[in-house]
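Asker: fold the following, please.
(one chain, ligands or ions: 1)
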Amino acid sequence: MEISHLKEREEHIEIPNKRKCEYNFEQPNKKIARDGKNSPEIIALAALSDYPQSPINNKKELAITPAEHSAHTEINSPNKKPETSPDKISKTSGCFFPQSPKKRLEFAADSGKQQNKSKEKFIYGNYNQYYGYRNKDKDFHDIRLDMFEEYKDLFKEKQILDIGCNSGFITMEVAKKFEVKSIVGLDIDKHLINQAIKSIIRHKKALPLNSELKRSNKFPFNVTFVHGNYVLRDAVLLEIERPQFDVILCLSITKWIHLNFGDEGLKMAFKRMFLQLRSKGILVLEAQPFDNYGRRKKMTETIHTNYKNMEFFPKHFEDFLLSPEIGFTKVDLMGVPDHCKKGFKRPIQIFYKE
Ligand SMILES: C[S@@+](CC[C@H](N)C(=O)[O-])C[C@H]1O[C@@H](n2cnc3c(N)ncnc32)[C@H](O)[C@@H]1O
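Answerer: Model (predicted):
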């Protein structure tokens with residue numbers, strides 16, 4: 001597990017026209033207030049302050065042992081030649097059971113094995129040029145940020161988790177633009193997290209020595225990166241989750257969790273999001289539609305099996321999140337980014353926790 005702080009990317013920002021929410025949902029722009037209650041067996045989660053600090057930036061504050069640290073950092077990017085054997089990975093992570101909140105976001109042994117087998121494929125959507133591709137039509141400006149701008153009060157002074165942060169571009173932009181108190185970017189791909197860490201280090205180094213930013217905990221000091229799998233190895237681990245975030249960003253990642261960890265993995269991830277949110281917290285969800293899954297269905301055997309066995313589809317996500325099994329009480333449509341590529345015109349929804 002690694003954490004660090006990052007660097008902003010200098011962008012030529014093009015402000016597009018205001019976007020309207022015209023997405024044709026099965027239940028369009030529904031505002032729901034239900035008595036969704038948390039399932040009683042589910043307890044909440046660990047405090048953000050319990051995350052260990054970066055072994056790169058702040059060795060003294062490293063809260064995991066060197067052995068645990070090296071075990072975690074040995075798992076490779078799926079796109080890089082593995083530096084360690086799958087046996088070692090599974091032995092190490094198989095023995096590791098999180099005993100404290102500090103050690104919660106560990107890798108799944110299975111994901112390490114899969115990465116080795118399919119190292120040339122981006123089986124987790126862990127594209128190493130994601131933002132270059134996604135944002136190239138907008139001069140590398142991500143138009144989702146314009147939508148967030150319209151809801152900036154949702155982010156101001158908030159503690160945020162960005163699940164599947166890739167190389168950290170959105171994480172950093174949110175940290176910079178919206179005066180967030182803190183933001184944690186989490187990704188399953190260590191190589192991408194390292195890229196993000198390097199960016200933030202560069203950004204910090206560019207500051208004058210006596211910068212006031214550190215004391216005020218403003219960007220880039222409000223950003224942290226963690227390498228880990230958001231999908232827990234066992235649902236029993238949900239029992240030790242505690243509320244620690246005001247906002248969770250879940251952007252363009254549901255498909256990858258779904259394909260790799262199946263219906264149950266995704267449902268567990270949704271439960272975890274709810275549990276990690278404080279009262280009055282929000283989940284910002286940009287889910288891929290099901291017709292977006294097909295091209296990837298044969299990437300690995302596991303993905304193929306999960307795909308064939310799917311019974312829980314994106315059209316069910318909203319009802320599931322609002323059901324008593326999860327507990328969100330209301331949903332709003334934030335909007336649909338007017339991306340030039342149809343595949344990226346995905347609705348962004350806000351789910352509210354009471
Ligand atoms: C398509 S990218 C989306 C990046 C970013 N959220 C955005 O929308 O700009 C999906 C990211 O999710 C990460 N990811 C996939 N499965 C994950 C998991 N189980 N836990 C953490 N990160 C995961 C991938 O490595 C990849 O970087």
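
Asker: I'd like the next helix or strand past the biggest helix by length in the chain.
Answerer: Longest helix in the chain by number of residues, with DSSP state H as the criterion: helix 254-276. Sequence-wise, the next helix or strand downstream of helix 254-276 (DSSP states H and E) is strand 277-286.

Asker: next, see if the next helix or strand after that following strand gets close to the ligand.
Answerer: Going down the chain from strand 277-286, the next helix or strand is helix 301-309, by DSSP H and E. No: using CB under 6 Å from any ligand atom, helix 301-309 never reaches the ligand; the gap is at least 11.7 Å. (Glycine included, C-beta is placed from N, CA and C.)

Asker: what's in contact with helix 301-309?
Answerer: With CB atoms under 8 Å, 6 or more residues apart in numbering as the test, helix 301-309 has contacts from 110, 114, 123, 258-263, 293, 296-298.

Asker: and those residues, which two are the farthest apart?
Answerer: Spatial extent of the contacts of helix 301-309 (CB to CB) is set by the pair D110 and Y293 at 19.8 Å.

Asker: for the ligand, what is the nearest residue in the stretch 101-250 of the chain?
Answerer: G164 (2.5 Å; CB to the nearest ligand atom).

Asker: which residue is the nearest non-sequential neighbour of that residue?
Answerer: I253 (3.5 Å; CB to CB, 6 or more residues apart in numbering).

Asker: count of residues packed around that neighbour?
Answerer: When neighbours are counted by other CB atoms under 10 Å, I253 registers 26.

Asker: let me know whether it touches I163 as I believe.
Answerer: Yes: between I253 and I163 there is a contact under CB atoms under 8 Å: 5.9 Å.

Asker: contacts only, for A287.
Answerer: Neighbouring residues of A287 by CB under 8 Å, 6+ apart: 250, 254-255, 314, 317, 346-347, 349.

Asker: near the ligand, which residues of the stretch 151-300 of the chain are found?
Answerer: So the stretch 151-300 of the chain meets the ligand at 163-166, 170, 186-189, 192, 229-231, 251-253, 256-257 (CB under 6 Å from any ligand atom).

Asker: now, which of those residues lie within helices?
Answerer: Reading helices off those with DSSP H, I get 170, 192, 256-257.

Asker: need the residues you listed in a markdown table with neighbour count and pLDDT, can you?
Answerer: Output for these, formatted as a markdown table (neighbours: other CB atoms under 10 Å; pLDDT from 0 to 100):
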| residue | neighbour count | pLDDT |
| --- | --- | --- |
| I170 | 24 | 97 |
| L192 | 26 | 97 |
| W256 | 21 | 98 |
| I257 | 24 | 98 |
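
Asker: between those residues, which is nearest L213?
Answerer: Distances from L213 to these, taken by CB to CB, are shortest for I170, at 20.6 Å.

Asker: can I assume F270 is in contact with D319?
Answerer: No: assessed by CB under 8 Å, F270 is found out of contact with D319, at 11.6 Å.

Asker: let me see the domain layout of the protein.
Answerer: Here the domain assignment for the chain is 165-225, 229-353, based on the TED database.

Asker: now do the phi/psi pair for L238.
Answerer: Here is the backbone geometry of L238 (degrees, to the nearest 10): phi -60, psi -20.

Asker: and it, how many neighbours does it have?
Answerer: Residue crowding around L238 was assessed by other CB under 10 Å; the count is 20.

Asker: just checking, it touches F270?
Answerer: No: taking contacts as CB under 8 Å, L238 lies outside contact range of F270: 10.7 Å.

Asker: report whether Q349 is found in a helix, as I expect.
Answerer: No: going by DSSP: H, G, I helix; E, B strand; the rest coil, the assignment for Q349 is strand, not a helix.

Asker: ignoring the adjacent residues along the chain, who's closest to it?
Answerer: That would be L285: by CB to CB, 6+ apart, it lies 4.9 Å from Q349.

Asker: contacts only, for the closest residue to M268 other than its chain neighbours.
Answerer: Nearest in space to M268, with sequence neighbours left out and distances taken as CB to CB, 6+ apart, is A235 at 5.4 Å. When contacts are counted by CB under 8 Å, 6+ apart, A235 touches 264, 268, 271.

Asker: so what pLDDT did A235 get?
Answerer: Here the pLDDT value assigned to A235 is 97.

Asker: what's the longest helix of the chain packed up against?
Answerer: strand 159-163, strand 245-251, strand 277-286, helix 301-309, helix 314-322 (3 or more CB pairs under 8 Å, 6 or more residues apart in numbering; DSSP states H and E).

Asker: quick one: that helix to helix 301-309, angle?
Answerer: Helix 254-276 and helix 301-309 meet at an angle of 80 degrees, taking axes from the mean of the first three to the mean of the last three CA atoms, to 10 degrees as the criterion.

Asker: surely N126 meets I193?
Answerer: No: N126 lies out of contact with I193 (CB under 8 Å); the separation is 10.0 Å.
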